[in-house]
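Trainee: Just to be clear, the model below is a prediction. Sequence and coordinates:
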Amino acid sequence: MKRPHTIIRLILISFLVLCCSSILTAQITQADSVLSVAEIQKARTDIESIEKQFSKDFLNGDSVALAAYYTEDAQFGSLKGEDILSAWGRMIRNSIKNNTRNLTFKITSLSGDHEFLVELGIFESKDDNNNLISKGKYIVVWKQEKGKWKIYRDLGLSKT
């Protein structure tokens, strides 16, 4: 009688070891994908640099350059593909007409892993005399594409 009981005990122990091993492996894999503080700071510096160039391209009226900041499968609001290029073209024309060509971004929060970053921030548009014309909040999801951070999702949250 003790023999079947011992077999059941071994099966249960084996099952527990297997479950614990799976959980531990999943936690290690998840921990490996999270960016360290230093990696987040480096990513923040990279994103700030990209956004400064983005602002320059906007000021220069280069919608093709602006569209190139997006991944191949990106979404800008509900827009995809060539519609992103067209939208930036319209925004550039409107900014020239309304004297709001100076666009700046300020990161308020950045987090993520080695594949995706989530950025929360504030954008401002100013006229040629540096007067604030509009301000709003945004969320951008950045994705690694061919070794570079590119915009994967781009959403304006509110405008004031």
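Mentor: Now that the structure is in, tell me what you want to look at.
Trainee: What is the least confident helix or strand in this protein?
Mentor: When each helix and strand of the chain is scored by mean pLDDT, DSSP states H and E, helix 2-33 comes last, with a mean of 47.
Trainee: the helices in this structure, which residues?
Mentor: 2-33, 37-59, 63-67, 82-98 (DSSP state H).
Trainee: now for the longest strand seen in the chain, which elements pack on it?
Mentor: Longest strand in the chain, counting residues (DSSP state E): strand 132-145. Where contact means 3 or more C-beta pairs under 8 Å, 6 or more residues apart in numbering; DSSP states H and E, strand 132-145 is packed against strand 70-76, strand 116-126, strand 148-159. For the C-beta atoms, the positions are set from N, CA and C on the backbone; glycine is no exception.
Trainee: which one of these has the lowest average pLDDT?
Mentor: When these are compared by mean pLDDT, strand 148-159 comes last with a mean of 90.
Trainee: Tell me the buried residues in it?
Mentor: W149, K150, I151, Y152, R153, D154 (16 or more other C-beta atoms under 10 Å).
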